[in-house]
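*Asks:* Test case, fold it:
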Amino acid sequence: MSNPSIKPSEENSGETGILPDESTPDAGSGKAPKKRGIASRLLTLGFLAGGVAWGVHFVHESMTYEKTDDAYITGHIHRISPGVAGPVLKVLVEENQHVKAGQELAEIDPLEFAIARQKLQAAKAQADASLVQALAALDRSKAEEQQAEAQVGSASAMVKQTEAQLDLANVNYHRNSSLFNGGTRAVSEAEVDTTRSVVATTTASLEAAKAAHAAAEAKKKTSAAAVEVAEAEVQAAKATIEAQAAALREIERQFADTKLVAPADGIVGNKNIETGNRVQAGQPVFALVENDYWVVANFKETQLGSMKTGQDVEIRVDALDGKAFHGKIESIAPSTGAQFALLPPDNATGNFTKVVQRVPVKIVFDADSIHGFEDSLRPGLSTMIRVKVKG
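*Replies:* Numbering: from 1, shown residues only. Coordinates of the predicted model:
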């Protein structure tokens, strides 16, 4: 029996069910999952293709290029300092100013050096005059020496002549004495006395000639000593002149060093000088950065196997938003950077920990590549380096 509380419509619905409405969301539900599956598969294939492309690119980059970010722009930086001490008279340049080689940068008061130069010039003139006097004295001494030598020669000749006269006088005397004492009386006693007198006179003359010769020899020695003294005075005068000339050259150098000039074209930086300051010799007062830059890249020792001079390099400067420039390897350092440090490592003592070393590599810019960016490059700027080692 049927339950009277149930309505006929409800019973019919339980038996036959409710027909689905085609306008409901479940209509056509079999196509949507199929579309979502295709999209997911395409997305997966896209990721796989991208990964493969990235992998190929990574392998190609690793085999073709060596890279490092431990690289910096550097250049010639001149530390300009005065060669003399003194008060600063004027400063002619400003910070970050472009200058040319030889351009005057500052001047130190040259007054004290000008006074010292005048004193040395006067001292040198006096030394020149002393040399002239010494040369004149030397000439006189040499003339006296020559005169003494002539007197010695004359005295020597007189001695020889007197000796000959004495010999003749002795011969005459002995002959006359023999004739007088022989009994024949061929000569008179007066003639014998005359020849005896001649012998005595000639003997006295010989003694006088010998004395004159000795005096001439003594004068010759004195003249020779005077010549030596005069020559020594000439040498002393010349030495004084050389010393004065050297001192004058030194003061001229110091006078020239009162002007500080640029050693090369570049930009002034680190200005540390003002008018009125007293500076010391060797005190850095300017830095001058030349307009000639290059890059020092510190590569790992494991990266150097395929690197050599002349290889092309891509240089990206961080300060210029990664602007790429081109260059070439000019040279590779002969040692690791650690060996040039103030305290090089000593692995022979203590515990050893192996550390990959880095070697500095000098890279020069291609002039055409940096055209128009010369003023934007600065020593110390960081760079990214990519060296093409293959292909």
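*Asks:* Quick one: end-to-end length of stretch 299-311, please.
*Replies:* 14 Å (C-alpha to C-alpha, to the nearest Å).
*Asks:* Wait, residue 330 touches residue 366, no?
*Replies:* No - checked against C-beta atoms under 8 Å, the pair residue 330 and residue 366 is beyond contact range at 11.6 Å. In short, each C-beta sits where N, CA and C put it, glycine included.
*Asks:* Excluding chain neighbours, what is closest to the most centrally placed residue in the chain?
*Replies:* Centroid-nearest residue in the chain, with C-alpha atoms, centre = their mean: residue 78, separated by 12.1 Å. Once flanking residues are discounted, residue 78 sits nearest to residue 288: 4.3 Å by C-beta to C-beta, 6 or more residues apart in numbering.
*Asks:* Now do the helix or strand harbouring that neighbour, average pLDDT.
*Replies:* Using DSSP states H and E, residue 288 falls within strand 286-300. When pLDDT is averaged over strand 286-300, the result is 94.
*Asks:* Same check on stretch 67-75?
*Replies:* Confidence for stretch 67-75, expressed as mean pLDDT, is 95.
*Asks:* buried ones in it?
*Replies:* For stretch 67-75, burial by neighbour count (16 or more other C-beta atoms under 10 Å) applies to 68, 70, 71, 73, 74, 75.
*Asks:* From residue 378, how far off is the residue nearest to the centre of the chain?
*Replies:* 15 Å (C-beta to C-beta, to the nearest Å).
*Asks:* cool, residue 180 as well?
*Replies:* 128 Å.
*Asks:* How about residue 335?
*Replies:* From residue 335 to residue 378 the distance is 27 Å (C-beta to C-beta).
*Asks:* next one: residue 226
*Replies:* On the measure of C-beta to C-beta, residue 226 and residue 378 end up 75 Å apart.
*Asks:* and what of residue 344?
*Replies:* Counting by C-beta to C-beta, the gap from residue 344 to residue 378 is 30 Å.
*Asks:* neighbour count winner among those two?
*Replies:* When neighbours are counted by other C-beta atoms under 10 Å, residue 344 and residue 378 differ, and residue 378 comes out ahead with 15 against 11.
*Asks:* The residue nearest to residue 78 pairs with what?
*Replies:* residue 78, residue 268 (DSSP bridges).
*Asks:* check contacts around residue 296.
*Replies:* 71, 72, 74, 360, 361, 362, 363 (C-beta atoms under 8 Å, 6 or more residues apart in numbering).
*Asks:* How is residue 370 assigned, secondary-structure-wise?
*Replies:* Using DSSP: H, G, I helix; E, B strand; the rest coil, the structure places residue 370 in coil.
*Asks:* Tell me which of the contacts of residue 296 fall in strands.
*Replies:* Per DSSP state E, strands hold the following members of the contacts of residue 296: 71, 72, 74, 360, 361, 362, 363.
*Asks:* I'd guessed the first one sits against residue 294; true?
*Replies:* No - the pair residue 71 and residue 294 does not pass the contact test of C-beta under 8 Å, sitting 10.7 Å apart.
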